[in-house]
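# no letters, just coordinates:
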């Protein structure tokens with residue numbers, strides 16, 4: 001089914017229903033979204049779902065809500081994401097408020113405690129089942145993703161913490177293996193070294209400008225005495241504070257290098 005033919009009201013109705021009756025935590029709800037929206041209704045493609053799941057996993061916060069917002073954004077932009085997040089979160093918010101009030105009022109009763117613990121055990125079972133299904137469908141038969149998955153699971157189990165560096169390293173490894181950058185001598189300079197670091201802020205300077213700049217600093221270096229502040233470059237309506245850059249070596253205890261800093265920064269600005 002073409003996503004553009006699906007009314008936003010139907011998408012909102014689904015997420016309102018899922019937010020009201022969906023149990024099992026974010027993993028279970030994410031698995032429900034895949035089964036319902038991708039495999040059964042075919043409102044969203046597998047690629048859209050996987051991208052949304054990846055973004056939600058990388059972002060701090062509630063995974064299921066972020067995935068719902070992403071799918072809403074695909075359907076209707078910012079408005080879709082906002083309304084989807086609202087209808088998805090509202091039922092849970094109201095339920096938690098009511099249940100918290102009941103627990104504070106009757107939580108000391110033994111049967112209430114038994115009820116909550118038994119529900120928790122059932123939810124854990126749902127989470128395990130959903131995690132297995134989601135893993136099989138997302139990773140599928142990709143050997144690289146399985147290796148990353150197993151290593152990440154082992155490290156997380158051993159350290160008992162989620163390491164952001166592990167996520168970053170995993171992403172870099174997958175990028176280098178699946179989509180290695182094709183660097184030539186030309187693209188290497190463009191991709192690694194920003195152009196403005198080579199040409200200056202104003203682009204390549206003319207020969208006349210560079211000649212005047214060279215003669216100026218040769219004259220300053222040969223004639224002017226002082227600690228580096230005696231002869232700053234002055235220009236009416238100057239756009240750059242060149243002497244300010246030269247102050248940094250002074251604050252670091254290197255007064256003699258101020259004039260070098262000023263001249264170097266000036267040359268860089270003009271290319």
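Done, it's in. Note that the coordinates shown come from a computational prediction; the quantities given were computed from them, not determined experimentally.
# tell me the buried residues in the helix or strand containing residue 172?
Assigned by DSSP states H and E, residue 172 belongs to helix 164-178. Neighbour counts using 16 or more other C-beta atoms under 10 Å place 166, 170 of helix 164-178 among the buried residues. Yep, even glycine has a C-beta here, placed from its N, CA and C like the rest.
# so what secondary structure elements neighbour it?
helix 143-159 (3 or more C-beta pairs under 8 Å, 6 or more residues apart in numbering; DSSP states H and E).
# surely residue 11 is in contact with residue 43?
Yes: look at residue 11 against residue 43 with C-beta atoms under 8 Å: they come within range, at 7.1 Å.
# those two - which one has more neighbours?
Neighbour totals were compared for residue 11 and residue 43, and residue 11 leads with 25 against 21 (other C-beta atoms under 10 Å).
# related to what we said a few turns ago, now for residue 11 and residue 43: what residues contact both?
residue 75 (C-beta atoms under 8 Å, 6 or more residues apart in numbering).
# sorry, back to before: so what angle separates the directions of the helix holding residue 172 and helix 143-159?
170 degrees (axes from the mean of the first three to the mean of the last three C-alpha atoms, to 10 degrees).
# any stretches of the stretch 51-200 of the chain with poor pLDDT?
Within the stretch 51-200 of the chain, the segments meeting pLDDT under 70 span 107, 182-200.
# now the helices: where do they sit in it?
Using DSSP state H, counting those that start in this stretch, the helices of the stretch 51-200 of the chain run over 63-106, 110-139, 143-159, 164-178, 185-192, 196-199.
# which of those is buried the deepest?
Ranked by mean neighbour count under mean count of other C-beta atoms under 10 Å, the helices of the stretch 51-200 of the chain are led by helix 63-106, which reaches a mean of 17.
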